[in-house]
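S.K.: sharing a model prediction with you, sequence too.
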Amino acid sequence: MLFLLTETAVAETPAMHVRNALMLLTLLRDMHPVLVPLYPELTQAERRAEAALVMIEHGAPARLSSLHVAKALRALLATDLDWEVITEIPTACTRLFRALFALWTEVGP
């Protein structure tokens, strides 16, 4: 058996960023189940991110996928939670911002 190791970093795709944001939101839901009924924005952000992921993976135009990513971001930003305590929210926002910027570069001028 032969293993080859390379030093080139693999650039993350928008789908990878959205998938990682979804994992963080799932982790948040599992760790703090009481937050979901109190903050419906979390469920809305999760639904929008899932829609964006499906669109990205099925080859939808980047401008349409970016709308769902942007709405997921808006929902997370509207959540009135302390980001210093619930650290999954800013990390998920970072992932969604990276996906949004990557999608914007795919659209071009």
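M.R.: Perfect, thanks for sending it.
S.K.: so where's this protein shaky on pLDDT?
M.R.: 1-10, 107-109 (pLDDT under 70).
S.K.: quick one, helices of this protein?
M.R.: 14-31, 35-38, 40-57, 62-78, 88-107 (DSSP state H).
S.K.: could you dump those into TSV and include mean neighbour count?
M.R.: Glycine gets a C-beta too; all of them are placed from N, C-alpha and C. Shown next, in TSV, are these (neighbours: other CB atoms under 10 Å):
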stretch	mean neighbour count
helix 14-31	19
helix 35-38	12
helix 40-57	20
helix 62-78	20
helix 88-107	20
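S.K.: start to end distance for stretch 33-47?
M.R.: By CA to CA, to the nearest Å, the extent of stretch 33-47 from end to end equals 17 Å.
S.K.: and that stretch, how far out from the chain middle?
M.R.: Relative to its parent chain, stretch 33-47 has a centroid offset of 15 Å by CA atoms, centre = their mean, to the nearest Å.
S.K.: and for it, what's in contact with it?
M.R.: 22, 25-26, 28-29, 71-73, 75-76, 78-81, 86, 92 (CB atoms under 8 Å, 6 or more residues apart in numbering).
S.K.: change it to 7 Å
M.R.: The contact list for stretch 33-47 (CB atoms under 7 Å, 6 or more residues apart in numbering) reads Leu22, Leu25, Leu28, Arg29, Ala72, Ala75, Leu76, Ala78, Thr79, Leu81.
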